[in-house]
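>>> Model the following, please.
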Amino acid sequence: MTTEVRTARAGEVIRYADGIRDVYASAFSAPPWNEDPAEADAYAERLARDALRPGFTAAVATAGGTVTGFATAWVTPEVFPADRSYGQVAEALGPGRTRAWLCGALEVNELAVTPEAHGCGLGAALLDTVTGAAPGGRCWLLTSVRAEAALRLYERTGWRRVGAPVPGRAALVVLLGPRHPGRGPGPGRSRVGVGGGGGGDETGGAAGGEAQGQNRGRSRG
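The predicted structure is shown next:
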C-alpha cells in the first residue's frame, strides 16, 4: 500500500485529529515515554490550540486513508518562553545562544509513526517535510537521551546534538537541524559544542513540565 506524506497547515490538520491521536497513543505508550492512553486524548485537544501558534505547520502520512505518522512544528517566539521546559533549555544554552539559535527558528514539537510503519523511512520523510520551510534552515528540537531510536533517526538525517545537557530528570538534549547556521564547521561531528557563555536555557519545543508537551521531537520509527 502506498504511503503519502503531505504538508497540513493549521486549517487542515484538525481533520486528521482522530488518526493523529491513534498514532500518538501507539507511539508514546512504549518506553522511554510510557504515556497513559489518556494523554493521547489530551494531545488531540491540544493540537487545536497548537495549530493557532504563529508559523504552525504539520506533516501527515496516510496509507489507504489511515494516518500512519505525523509531525508538528511552529516558530519559536522572538522572546524566548520561560514556561515548561523552555526555562531549562535557556539555562543550558545561555541567553546569547538561545537567542541566536532558537528564537525565530522552527521547533519540531512531535514526530511519531505507527509501530507497523517502523523501518521504512517514514520518520525521516515526515521530518524532512515538516522542516522544509524552516526560515534560513534554522530548525531545532528537544528529545530525551533515553530515546535511543529517535536519536539514531535524527543523527542519521543530519541533526546534531548541542553539547550541553538540559537540567532536569528527563535527560533532555537539544538538536539543531542539518542546515542550521549554529552548527558550525566540521563534517562528521555529531555534537554542537557549548563552551563559555552565561547560563542559558535549553528547551526543545512545546513541552510542559520536564519534556511533556514540549518540542520533544520524539520520534519512534
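
>>> hey, let's count contacts and neighbours off CA atoms from now on
Fine.

>>> mind listing the strands for this structure?
All strands of the chain, identified by DSSP state E, fall at 3-8, 57-63, 66-75, 106-113, 139-144, 160-162, 172-176, 191-192.

>>> And those strands: which comes nearest residue 152?
In terms of C-alpha to C-alpha, the element of these nearest to residue 152 is strand 160-162, at 10.6 Å.

>>> Tell me what the nearest residue in space to residue 1 that is not next to it in sequence is bridged to.
Residue nearest to residue 1 in three dimensions, not counting chain neighbours: residue 63, with 6.4 Å by C-alpha to C-alpha, 6 or more residues apart in numbering. Beta-bridge pairing of residue 63 under DSSP bridges involves residue 3, residue 66.

>>> what residues are up against residue 63?
Contacts for residue 63 were tallied using C-alpha atoms under 8 Å, 6 or more residues apart in numbering; they are 1, 2, 3, 4.

>>> what's the answer for residue 47, then?
Counted by C-alpha under 8 Å, 6+ apart, residue 47 has contacts 14, 17.

>>> Below-threshold pLDDT in the chain: ranges please.
184-221 (pLDDT under 70).

>>> how about the helices in it?
Ranges of helices in the chain, per DSSP state H, are 10-13, 17-28, 37-50, 86-93, 95-97, 122-130, 148-156.

>>> Flag every buried residue along the last one.
Of the residues in helix 148-156, 150, 151, 153, 154, 155 count as buried by neighbour count, 16 or more other C-alpha atoms under 10 Å.

>>> same thing with the shortest one?
Taking 16+ other C-alpha under 10 Å as the basis for neighbour counts, the residues of helix 95-97 that come out buried are 95, 97.

>>> Residue 119: neighbouring residues, count only.
Other residues lying near residue 119 total 10 when counted by other C-alpha atoms under 10 Å.

>>> Residue 152 versus that one, what's the distance?
12 Å (C-alpha to C-alpha, to the nearest Å).

>>> Would you check that residue 147 makes contact with residue 32?
Yes: Residue 147 lies in contact with residue 32 (C-alpha atoms under 8 Å); the separation is 6.1 Å.

>>> Can you report how many residues neighbour the residue nearest to residue 34 when sequence neighbours are not counted?
Residue nearest to residue 34 in three dimensions, not counting chain neighbours: residue 28, with 6.2 Å by C-alpha to C-alpha, 6+ apart. Using other C-alpha under 10 Å, residue 28 has 22 neighbouring residues.

>>> Then residue 65?
10.

>>> And it, how close does it get to residue 21?
Taking C-alpha to C-alpha, one finds residue 65 at 15 Å from residue 21.

>>> How about residue 141?
21 Å.

>>> ok, those two, which is more surrounded?
Neighbours were counted for residue 141 and for residue 21 using other C-alpha under 10 Å; residue 141 has more, 28 against 22.
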